[in-house]
Each structure stands twice: as C-alpha cells, then as structure tokens.
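In: Quick check, what structure comes out for this input:
(2 chains)
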2 protein chains.
Amino acid sequence: MSTHFHFTLHKTEGCARLSTFQTPHGAIQMPAFAPVGTLANVKTLEPRDLHEAGCELLLSNTYHLYLRPGHRLVEQFGGLHRFMGWSGPILTDSGGFQVFSLAHKRKLDEDGVTFRSHIDGSRHRFTPESVMEIEQALGPDIAMVLDECADPLNHAYIVQALDRTHRWAERCKKAHTRVDQALFGIVQGGIFPELRLESARFLTELDFTGYAVGGLAVGETKEEMYSTLDVTCPALPVNKPRYLMGVGAPEDIVEAVYRGIDMFDCVLPTRIARNGALLTPDGRLNIRNAQHAEDPRPVQADCACYTCRNFSRAYLRHLYKAEEITGLRLGTIHNVHFMLELMRQIRAAIAEDRFAEFRTVFLARYQISNQEVRHQQRERFLANQRA
Amino acid sequence: MSTHFHFTLHKTEGCARLSTFQTPHGAIQMPAFAPVGTLANVKTLEPRDLHEAGCELLLSNTYHLYLRPGHRLVEQFGGLHRFMGWSGPILTDSGGFQVFSLAHKRKLDEDGVTFRSHIDGSRHRFTPESVMEIEQALGPDIAMVLDECADPLNHAYIVQALDRTHRWAERCKKAHTRVDQALFGIVQGGIFPELRLESARFLTELDFTGYAVGGLAVGETKEEMYSTLDVTCPALPVNKPRYLMGVGAPEDIVEAVYRGIDMFDCVLPTRIARNGALLTPDGRLNIRNAQHAEDPRPVQADCACYTCRNFSRAYLRHLYKAEEITGLRLGTIHNVHFMLELMRQIRAAIAEDRFAEFRTVFLARYQISNQEVRHQQRERFLANQRA
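Out: Numbers count the residues shown, from 1 in each chain, chains lettered A, B, ... in the order given. I've put the predicted structure just below:
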C-alpha cells in the first residue's frame, strides 16, 4: 500500500468492522456510504450539501465522464476534485458496468470491449489500459479495475468471463502508475461460491489496495446476495477495505455490514428522491400520496437534515405535485442525509458492541420495498445483455 | 398607514429615492427587487439561498396558490411565511395579471371575472372581495388590489377598463381588513398620460399604503414604458412606496429607479437562468455556448455568489449540456445574486449622490438583449387576450 493510503481496522463485532481509510483527500470513516455523482455532480445537490450531510466519499462514473465532458477536459482542470469543487475523497468505477448495462452494440474480445455511446451512438473502445488512462486522468482517490459484469445466475458464462476479468485485473494493475490513487480489484463469480472463492484468491495475490465485490444487486434475490457475501468476505484480506458495489437499500447495507463489508455506493437515495420516495426508519414514504396533503409533520421527526428542520410533509407534497425542482432537491437532501446518518449509527453501534442488536431493531422496523423492483431490475439488465 | 408599516424616505437624487419600508416581517431597503416564488417557492432555490443573496422581499402569485395548494391550506399552516419557511417580507399579486394572461375562457363583468384554470380547465371566479379574502388567507405582508391588465396600446378599451379597475380598487379597499397586511393600489392607463394621471389621482384619494404601476412590461417599447413612468411617478404620493410590477431587466430597473420607482419584481433572473442565460455587468452570457467549454473563469469575476466563488464556466456549461438540475440551480443562484447586488449598488449610489453617474456607466457597459423578445412577449399577451 502506498504511503498515500492507510487502512486502520479499529474493531470488529462478529464480522462487522469499524475502520478508517485514509486517502489523499481525507479520511473515510467506515462502514461508509458514497452518494453517486454520475456526471461529476450528485443530482440536485452541491458540494456544500454533501459536506453538510457528513459525506466523506463520492462516486463518479468513468463511462459517463469519458463521454462528457471527457476525461481530458477534467484532467485539464486539475482532476475531478477541482472540476466539481469537491474537496473530499472520490471513487470512480471503471465504466465496465455501464458498458455492459447501458451502452449499445457491445462487442467483447480478449483485449477489451467495443461499444456505442447511449447518447449519440458514436463508437468507442475500452481496454484495461485505456480505462486506467482515463481513471488516472480523472484523478479520483480510488480507481476500480475494468471487469465484466455478467448475469450472476449464468454459471457457464460466468466461468468463461471470470478468467478474462482476472486477466484484465492483471493488466489494470500493470497499467496503473499513480501513487496518489488507490486501485481496487473486483471479485466476480456470480452467485457461485467456488467461483467467488477462486476470484478472491486470484485477486488477493495481485495485492490491490482494496477489494470490491462486483456483479451483485443486478437482479439476484436478497438471499443470494447475502449468501454470496457470506462466502466472499472471509476470503478477502482482513487489512484492506471491502466494497460492495451498487448497494444500496438500507436493509442491504445493514446485512452487508453484518457480513463484513466496509463501503457502499448507490444511486438509490438520490434516484428515488426524484420519484418522491423518501427514506424513514419505517421504510419509504411516498410524499406524493394524498395522505400527506395536510400533514404538518416533517418527513422524519428526529431527522436533523435541512428539509426536516424546515418543511412540512404538506409543503413538500405541494412542491412535488407542482413539479417544482426545489421539491426534488429537498427530497434528495433528506435521503442522502438518511443514508449517511444510517452509516453513523452503524459505526456507533459497532464501536459500542451493539451492532447485532442495532441490526435486529432496524430490520424489525424498516419495511422493505416490494422485491418486484429487483425482478424488474434483473429483467432490464438481462434485456440489455441480450441487446 | 397602520402602525405595522412605516415608509421612510432617506434621501433623493433627482427622482431616484433611497428609502426603507418597514413591514411585520422586517425592513425592506429600497429600491428593492423581489424574486418571484410563484408557487410559494422560488424555482430551484430554498429560503436559505435567498437569505444568502440578501433578499428582503419575495413575490408569490395569488392565482397559482389559489389553484394549488389552495389558500385555505396555506392559511391552515399559518400563512405563506410558515408554509414555505421564509421569515422575511412577502408580497402577493392579486391574480389579475394571470387571469388575463394565462387562464382560459375569461369572461369579464362589472362584478368580477370568471375563468377556467390553465391546469385542469376547472371553472373559477375572482371578484375584488374574493381576491381580498384569498390574499388575507395567504397572509403576505403586502397584498395587491384586483385590477384588469389590458393591452397598454388600446386607448378605447383602456378608457373603459380603467373605470372598472377603479371601482374594483374601491371595493378591495373596503373588503380588506387585516391591519398586519398592507394593501397597495395599482395605477393603470396603458401608455396614455392623461389616463395614467387620472388613475394616479383617483387611487391617491383612496389612500393606499403603497402604489404600483401596472400594465407595463407587457409588450410596449422601452421608450413607451419609460415615458409612462415619467408621467406617473410625479403624480404619486411622495411618502409611500412605488412599485413597478413585472419589471425586470437590469436596464429597466436602473431607468425606473432614475424615474422614482422603489420596488420591482420579475421572473426574469430565475426564468432565464433555467434557459442558460446568466447575468453579468456586460449583459447576458449564454452558458451553453461552445466558447465556454474550456473556460476556467467564473461567470462573473468579481461576483461573491456561491456559484462564482466555486465553479468555472466550463463546469457550469457541462452541467447545463448534461441537463443536470444542479446547473439550473447554480445559474439561478447567480442571477438572483446579480439582481440583489445591482439593487445594493443602486442604493449605495443614491446614498452617495452618484446614481446619475452609476446609471450612465452601467448602461454604457450592459448590453441590452434583443428587443425581439419584447415583441414576442406582446404577441403572446395579445394572443391570450383574444383567446
């Protein structure tokens, strides 16, 4: 590990870990949740909103930034931090997930993947080397290797994809040279224990600064996701951060921390806020519902966010019904605050050896959204895989 | 004037006036500009943004609030201030302008006006008495009388409309009872000096707390607007605030202050921000233009707003091109700050007896937008008048 990064495991409770990951742009208290700023911006928010919510890590998407405004422009502006005015740690994904779930006319070969932009159909190519060049130009604190995100339930295909993903991980490691940027490997293998173990073993030998568990939250059941973590986490190095990509829902975060995960990212809090779904300890509240029309209470009684400190459900509902942008923003402020507050509560619970109890109490109260959404997610993912 | 309101004229320079208008929710330093929060919300902003910009007066629209969420709901929440979380002074218009420019199937009679909602076509009726009831329920610091906003160039019609508007003003005065709310009269009369003088004389006798100049900025030329102010302002009481409704553009504000106006409101800074037009001392800058793609400078070099202190033109252009909501918001923050800073500069100039010079220097530098826009505005207004 370079001198720019330092992982400290403070204590554990069962598999749950309380830790700090030091980066060139500051320390990340873990378990940590990273809001997603796809295009160098968390939708509807500004950097000061994120600082106010206690955000210590942002994710931005390499695929999207590569297409616009382009990694060379961002580099010219001194990297993502200066371009977007965010002084804290940033992580970029490799763009692999978007190439496999969003781009058009994907064509995969041993060397890399050719695809067409979802914006204008223009032709592009990612290789492990080109992605390392892009991520180093973007300049986040943490970069991810290029991997293939395949259908987690298709064993035959995953076997074949896994070897290629491992060869790509080796090439990324070789091509990555910035010492002020950490490179994380990504364990793949779908929902198959032996493949996850093989992947964890292979990548551990490559000695990355941290490890992600990839290829989950793309449509498998919660049980399949949790059991995959049960198998994978113990196979990862104890002294390095563990990152569950694309997760997520509050209940999944609690369950993944319980199984040994340290880092998360997801568009969930920001995306559902724009649809009027606001997070509370009881589950999601749809602010557009008529029942809130005359409700003087804040979204969440004990919440310290700007939205809950200042506005009633009735006012928020009015803004959403009238399609006022400010409504989407106030909802986003609340949801991001809710997620970061959840992480603070999780960390406090582990510190005080009561995380197991916290998990029980939280999950008993929090009403999980319809799993239907997950099935739709999987259908969409597979439809694009076939496209 | 009730004890809740107090107007102090500190000094004049020519016709320009430096004054303070005390209201139940605080003092308004004048000349003042009120950003528009149509639906109890300035689009993309929050109350704290307005405080940060130094905003001392907000306008909200009676017509829109009456349709949704309804004045009874707002009243139930303790009025607009508490409903929207804004602690400073608020002014509501009477809804007249929207009924005559936005609502459908308008039918005017001596007693009032019947119209259909532009949202769902539902049938509604405004009378001077019902509008006073609505504005008193909404609870702004300043309410406006119901008037008819007619084509300012149509002499024959204006003559007829003016008498009705005056009878409505009398009825509003009689129906208005809240002592913690000021009621302003509205001088009409199009671009015709004798009608403006007659209207000013009639309304002055009714002894309102303040006076608006209405029926301008609806498509007449700038010269016609300025000469109407030249005639009207001297006919208004010296010891009461004078409000030019629906204005506006920075150059119009400077010219109207020069002619004795104290208050303004307009959607211009917020609306054009959402179209990517950002205000600078040199005129409007279209942030979407390719020339800004790699420009590291802020929108305005000497601007103290959050946007200019933190972001480059290149980053803002990226947000606008990618249709990120945050871009619209950062543009709005800048434009509102620009307008309120302009008012601060105007007040400082009058205080120091250099407003005439300020006007010359400002207008020499500020490039006025194409008057084409005004003609389109007039065409739209007339089209709806005929509809």
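
In: For the closest residue to residue A:78 other than its chain neighbours, grab the count of nearby residues.
Out: Spatially, and ignoring its direct neighbours in sequence, residue A:78 is nearest to residue A:139 (7.7 Å; CB to CB, 6 or more residues apart in numbering or on different chains). For glycine as for every other residue, the C-beta is placed from the backbone atoms N, C-alpha and C. Neighbourhood size, residue A:139 [other CB atoms under 10 Å in any protein chain shown]: 23.

In: Over to residue A:357?
Out: By other CB under 10 Å, neighbour count at residue A:357 equals 11.

In: Please give the element, helix or strand, for it.
Out: helix A:355-365 (DSSP states H and E).

In: Mind checking if the longest helix seen in chain A is in reach of chain B?
Out: In chain A, taking DSSP state H as the definition, the longest helix is helix A:325-351. Yes - Helix A:325-351 lies within reach of chain B by CB under 8 Å from any CB of the partner chain, at A:325-330.

In: Taking the residues you listed together, which two end up most distant?
Out: Of all pairs drawn from the residues of helix A:325-351 next to chain B, the widest gap by CB to CB lies between A:325 and A:330 and measures 9.8 Å.

In: Quick one: the helices in the stretch 201-350 of chain A, in order.
Out: A:222-232, A:250-258, A:268-274, A:306-310, A:313-321, A:325-351 (DSSP state H, counting those that start in this stretch).

In: Same question for the stretch 51-200 of chain A.
Out: Remark: helices assigned in the stretch 51-200 of chain A by DSSP H, counting those that start in this stretch are A:62-67, A:71-76, A:80-84, A:96-101, A:128-138, A:155-175, A:193-206.

In: got the contact list for the longest one?
Out: This means helix A:155-175. Here helix A:155-175 makes contact (CB atoms under 8 Å, 6 or more residues apart in numbering or on different chains) with A:94, A:110, A:127-129, A:131-133, A:145-148, A:150-152, A:183, A:185-186, A:188-190, A:192, A:195, A:198-199, A:202-203, A:206, A:208.

In: how far away is the residue lying farthest from the centre of chain A from residue B:137?
Out: The C-alpha centroid of chain A is most remote from residue A:294, which lies 35.9 Å away (CA atoms, centre = their mean). For residue A:294, the distance to residue B:137 equals 15 Å [CB to CB, to the nearest Å].

In: Please convert the helices of the stretch 51-200 of chain A to TSV, extending it with mean neighbour count and mean pLDDT.
Out: What follows is those, written out as TSV (neighbours: other CB atoms under 10 Å in any protein chain shown; pLDDT from 0 to 100):
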stretch	mean neighbour count	mean pLDDT
helix A:62-67	24	98
helix A:71-76	18	98
helix A:80-84	23	98
helix A:96-101	23	89
helix A:128-138	23	98
helix A:155-175	18	96
helix A:193-206	19	98
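
In: and of those, who's closest to residue B:311?
Out: Residue B:311 lies closest to helix A:80-84 among the helices of the stretch 51-200 of chain A, at 8.2 Å (CB to CB).

In: export the closest one as PDB, just CAs?
Out: Output of helix A:80-84 as PDB, limited to C-alpha atoms (Å, rounded to 0.1, in the frame of the first residue of the first chain):
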ATOM      1  CA  LEU A  80     -12.400  15.700 -10.700                       C
ATOM      2  CA  HIS A  81     -12.000  17.300  -7.300                       C
ATOM      3  CA  ARG A  82     -11.200  20.800  -8.700                       C
ATOM      4  CA  PHE A  83     -13.500  20.500 -11.600                       C
ATOM      5  CA  MET A  84     -16.500  19.800  -9.500                       C
END
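
In: on that earlier part again, for residue A:325 and residue A:330, indicate the residue with more neighbours.
Out: residue A:330 (28 against 20).

In: Find me the pLDDT at the nearest residue to residue A:343 once chain neighbours are set aside, would you?
Out: Spatial nearest neighbour of residue A:343, chain neighbours left out: residue A:33 (4.9 Å); criterion: CB to CB, 6+ apart. Looking at residue A:33, its pLDDT is 98.

In: Pull the number of nearby residues for residue A:33.
Out: When neighbours are counted by other CB under 10 Å, residue A:33 registers 27.

In: So what pairs up with it in the strands?
Out: Using DSSP bridges, the beta-bridge partners of residue A:33 come out as residue A:264.

In: how far away is it from residue A:96?
Out: Counting by CB to CB, the separation of residue A:33 from residue A:96 is 21 Å.

In: Could you verify my assumption that residue A:106 touches residue A:100?
Out: Yes - Residue A:106 is in contact with residue A:100 according to CB atoms under 8 Å; the separation is 6.7 Å.

In: which residues are common contacts for these two?
Out: residue A:113.

In: in the stretch 1-150 of chain A, which spans are strands?
Out: Taking DSSP state E, counting those that start in this stretch as the test, the strands found in the stretch 1-150 of chain A are A:6-13, A:16-23, A:26-30, A:32-35, A:58-60, A:90-92, A:104-108, A:113-116, A:123-126, A:142-144.

In: Could you report the separation of the residue nearest in space to the middle of chain A from residue A:248?
Out: Chain A has residue A:265 as the residue nearest its centroid, 1.9 Å off, counting by CA atoms, centre = their mean. Distance of residue A:265 to residue A:248, given as CB to CB: 9 Å.

In: and what of residue A:207?
Out: Computed as CB to CB, the residue A:207 to residue A:248 distance reads 28 Å.

In: The two - which one has more neighbours?
Out: Legend: neighbour count by other CB under 10 Å for residue A:207 and residue A:248, higher for residue A:248 (22 against 11).

In: what number of residues lie near the closest residue in space to that one that isn't next to it in sequence?
Out: The spatial neighbour of residue A:248 that comes closest, neighbours along the chain excluded (CB to CB, 6+ apart), is residue A:266 at 4.4 Å. Number of residues near residue A:266 (other CB under 10 Å) recorded here: 22.

In: Touching, residue A:266 and residue A:250? I think so.
Out: No - using CB under 8 Å as the test, residue A:266 is too far from residue A:250 to be in contact (10.1 Å).

In: what residues does stretch A:106-121 touch?
Out: With CB under 8 Å, 6+ apart, stretch A:106-121 has contacts from A:67-68, A:99-100, A:102-105, A:122-128, A:130, A:146, A:148, A:164, A:167.

In: 10 Å instead?
Out: Here stretch A:106-121 makes contact (CB atoms under 10 Å, 6 or more residues apart in numbering or on different chains) with A:63-64, A:66-68, A:95-96, A:98-105, A:122-131, A:146, A:148, A:161, A:163-164, A:167-168, A:171, A:384-385, A:387, B:322.

In: What residue in the stretch 101-250 of chain A comes nearest to chain B?
Out: residue A:119 (9.5 Å; CB to the nearest CB).

In: And that residue, how far from residue B:13?
Out: 55 Å.

In: more crowded one of the two?
Out: The neighbour count for residue A:119 versus residue B:13, taken as other CB under 10 Å, is higher for residue B:13 (18 against 13).

In: residues contacting that one?
Out: Counting by CB under 10 Å, 6+ apart, residue B:13 makes contact with B:257-258, B:349-356, B:358.

In: What residues does the stretch 201-350 of chain A have near chain B?
Out: Within the stretch 201-350 of chain A, the residues that sit near chain B (CB under 10 Å from any CB of the partner chain) are A:274, A:293-294, A:296, A:306-307, A:309-312, A:314-315, A:317-319, A:321-330, A:332-333.

In: Put the buried members of those into a ChimeraX selection.
Out: Restricted to buried positions by 16 or more other CB atoms under 10 Å in any protein chain shown, the ChimeraX selection for these reads:
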select /A:274,306,307,310,311,312,314,315,317,318,319,321,322,324,325,326,327,328,329,330,332,333
